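**Q** Provided below for reference: sequence and predicted model.
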Amino acid sequence: EFDATGPTPGSNMWVKIGAKNDGTVVAAEAVMKFEAGAYPGSPVTAGAMCMFAPYAFPNMQVDGYDVVLNKPKTGAYRAPGAPNASFASETVMDELAEKLGMDPLELRRINGTKEGERQVHGVAFPRIGYMETVHAALEHEHYATPLTGPNRGRGVASGFWFNVGFQSSVVINVNSDGTVNLIEGSTDIGGTRASIAMQAAEALEIPYEDVKPRVVNTDSIGYTDVTGGSRTTFATGYAAHDAAQDVIAQMKGRCAGSWNSDEAPVTADDVDYSDGTFVNKKNAEQSMTFKEVAASLPRTGGPLTGSATVQPRGVGGALPPMWWMWKST
């Protein structure tokens with residue numbers, strides 16, 4: 001196990017955050033030391049990227065050290081580096097809120113990051129929903145419910161992890177009963193087979209139950225990179241979406257072929273698809289549901305298969321804040 005994977009890294013972190021009396025943070029600093037084991041390569045870089053990511057602090061500095069020592073090589077475990085970093089920074093944020101006499105979620109609302117704000121490593125955030133989730137938590141009845149009984153508390157934390165793209169391939173076969181077979185090459189980890197099927201169903205505008213996902217071996221699907229929690233739903237889901245668009249485009253062509261005539265020519269561009277129904281934009285009386293088009297495939301050209309290969313770039317946005325209640329034992 002140590003040879004093939006390796007333990008998660010031990011870490012030592014120092015964090016300092018300074019704020020005005022109104023809760024506006026003016027500066028944050030951190031020093032991170034991660035165990036790499038016998039060879040360099042701990043996830044200290046990822047931890048440094050994630051530590052202050054939920055916040056738009058005007059001044060930030062993070063120094064990270066990859067510490068080589070006489071131990072087994074460390075490996076990646078779920079958002080490698082980020083839980084360690086978030087534990088340190090979020091603990092200090094809570095301590096700061098306590099010293100200011102401020103609700104910890106309110107402190108995060110004041111300093112939360114938004115689209116366009118730059119992260120500590122200089123990259124600007126794309127469209128994210130961090131502030132929306134903070135507001136939702138602040139306004140939720142569970143957060144406002146008074147705590148009763150001894151030894152009860154309510155914890156708050158914000159976290160961040162980025163997505164990576166890499167290469168993924170998906171094939172969608174349309175069956176005559178209106179169901180589809182979704183073929184992909186990302187081994188299921190924690191429900192990714194379902195999440196990718198849901199994305200395909202939404203793109204096709206059909207019920208999720210009508211999508212039959214299957215993970216196949218590398219000889220049965222186009223090239224698909226490593227399965228990882230940071231890319232599978234993102235990249236293979238991206239491929240599923242694009243394969244669904246390929247299916248819809250071909251179905252529009254089948255509809256156009258069925259409706260076309262010398263008196264009233266119809267092309268695929270004349271066909272609209274919405275709410276699971278194809279409609280002739282020139283003649284609204286001509287329409288077919290997804291299932292009806294699927295049933296007509298043997299008469300309109302035979303089996304229909306959509307496919308996509310993708311290599312999406314860029315990273316995803318911040319994850320939402322987490323809050324929970326506990327009772328000490």
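**A** Yep, that arrived.

**Q** grab the CA positions of the strand of greatest length in the chain and hand them over as PDB.
**A** The residue-count maximum for a strand in the chain (DSSP state E) belongs to strand 25-37. Output in PDB follows, covering the C-alpha atoms of strand 25-37 (Å, rounded to 0.1, in the frame of the first residue of the first chain):
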ATOM      1  CA  VAL A  25      -9.900  41.900   6.800                       C
ATOM      2  CA  VAL A  26      -6.900  43.900   5.600                       C
ATOM      3  CA  ALA A  27      -4.200  41.200   5.400                       C
ATOM      4  CA  ALA A  28      -3.600  37.500   5.800                       C
ATOM      5  CA  GLU A  29      -0.400  35.600   6.000                       C
ATOM      6  CA  ALA A  30       0.400  31.900   6.200                       C
ATOM      7  CA  VAL A  31       3.300  29.500   6.400                       C
ATOM      8  CA  MET A  32       2.600  25.900   5.400                       C
ATOM      9  CA  LYS A  33       4.900  22.900   5.800                       C
ATOM     10  CA  PHE A  34       3.800  19.600   4.300                       C
ATOM     11  CA  GLU A  35       5.500  16.200   4.600                       C
ATOM     12  CA  ALA A  36       6.500  14.900   1.200                       C
ATOM     13  CA  GLY A  37       8.100  11.700   2.400                       C
END
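
**Q** got the buried residues for it?
**A** For strand 25-37, the neighbour count (16 or more other CB atoms under 10 Å) marks 25, 28, 29, 30, 32, 33, 34, 35, 36, 37 as buried. Glycine gets a C-beta too; all of them are placed from N, C-alpha and C.

**Q** closest one of those residues to residue 208?
**A** Closest to residue 208 out of the buried residues of strand 25-37 is residue 34 (40.4 Å), distances taken as CB to CB.

**Q** my guess is that closest one contacts residue 66, does it?
**A** Yes - counting by CB atoms under 8 Å, residue 34 touches residue 66, with 6.3 Å between them.

**Q** shared neighbours of these two, anything?
**A** 42, 44 (CB atoms under 8 Å, 6 or more residues apart in numbering).

**Q** and the strands in the stretch 1-150 of the chain, which stretches?
**A** For the stretch 1-150 of the chain, the strands defined by DSSP state E, counting those that start in this stretch cover 11-19, 25-37, 60-68.

**Q** what's the answer for the stretch 151-300 of the chain, then?
**A** Using DSSP E, counting those that start in this stretch, the strands found in the stretch 151-300 of the chain span residues 152-158, 168-174, 180-184, 211-215, 271-274, 277-280, 283-289.

**Q** can I get these in CSV including mean pLDDT?
**A** Formatted as CSV, the strands of the stretch 151-300 of the chain follow (pLDDT from 0 to 100):
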stretch, mean pLDDT
strand 152-158, 90
strand 168-174, 98
strand 180-184, 98
strand 211-215, 97
strand 271-274, 97
strand 277-280, 97
strand 283-289, 96
